[in-house]
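*Asks:* turn this into a structure:
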Amino acid sequence: MELGDYMFYICILIINIILTWKFADWKNWKLYHSTMLFYPLGNLLYCFVYHDKFLWKFRPDILNHHIMEIIYSFSVYPLVVLLFLSCFPKGYKKQLIHIAKYIFIFILIEFILFKMGRFEYDYGWNIWWSLAWNGMAFPLMILHHKKPLIAYSISAVIIFLMNWIFPFKLT
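*Replies:* Presented below is the predicted three-dimensional model:
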């Protein structure tokens with residue numbers, strides 16, 4: 001692995017830290033805390049149920065996929081949630097633009113990692129499924145922040161649909 005490959009992972013983390021530090025509402029971080037845990041919980045649940053049949057995964061050379069998921073689950077994802085929710089604008093059009101911006105950024109990063117050979121798809125998953133996933137995940141974060149019980153109910157339906165489309169072992 002070249003230094004540039006590591007630098008991309010490091011840059012994602014550093015840029016995320018800087019943007020969150022500069023723009024997020026740190027004074028009120030507790031308002032977003034449960035959703036900051038909800039998103040990584042979903043990611044770790046994915047890692048658990050698809051442990052032998054990952055649909056997508058990081059391909060780092062030194063650290064393995066599991067370590068990268070843990071690093072992202074406890075650093076990048078909570079910071080993204082804090083930044084996303086605490087900067088959520090008023091007004092329907094601005095909200096749609098805000099959501100679209102985050103979906104675009106996530107897909108762009110995934111695309112770059114894929115082209116670098118540092119991200120892979122398997123078992124029928126592809127970037128279009130990731131686009132749909134992100135299109136669901138960001139609005140679900142908003143819903144969780146406002147009405148967590150409804151978000152958990154919808155998450156259960158999403159897990160059921162994921163198992164129907166991309167079966168995972170239940171034993």
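*Asks:* for the nearest residue to P60 once chain neighbours are set aside, the count of nearby residues, please.
*Replies:* In this structure, P60 finds its nearest non-sequential neighbour in M68, 5.5 Å apart by C-beta to C-beta, 6 or more residues apart in numbering. The C-beta positions use only the backbone N, C-alpha and C, and glycine is treated the same way. Using other C-beta atoms under 10 Å, M68 has 18 neighbouring residues.
*Asks:* hang on, M68 packs against F58?
*Replies:* Yes: here M68 reaches F58: they are 4.1 Å apart, a contact under C-beta atoms under 8 Å.
*Asks:* center of the protein - which residue?
*Replies:* Y77 (5.9 Å; C-alpha atoms, centre = their mean).
*Asks:* mind listing what L113 touches?
*Replies:* Taking C-beta atoms under 8 Å, 6 or more residues apart in numbering as the contact definition, L113 lies against 8, 58, 119.
*Asks:* which SSE is it in?
*Replies:* In the assignment (DSSP states H and E), L113 maps to helix 92-115.
*Asks:* now the strands for this protein?
*Replies:* Remark: strands assigned in the chain by DSSP state E are 56-58, 119-121.
*Asks:* can you spell out which helices and strands pack onto the last one?
*Replies:* For strand 119-121, the helices and strands in contact under the criterion 3 or more C-beta pairs under 8 Å, 6 or more residues apart in numbering; DSSP states H and E are strand 56-58, helix 92-115.
*Asks:* try it again with 10 Å
*Replies:* Counting contacts by 3 or more C-beta pairs under 10 Å, 6 or more residues apart in numbering; DSSP states H and E, strand 119-121 packs against strand 56-58, helix 65-71, helix 92-115, helix 127-146.
*Asks:* separation between L31 and L143?
*Replies:* For L31, the distance to L143 equals 15 Å [C-beta to C-beta, to the nearest Å].
*Asks:* and C11, how far is that from F74?
*Replies:* Separation of C11 from F74 (C-beta to C-beta): 18 Å.
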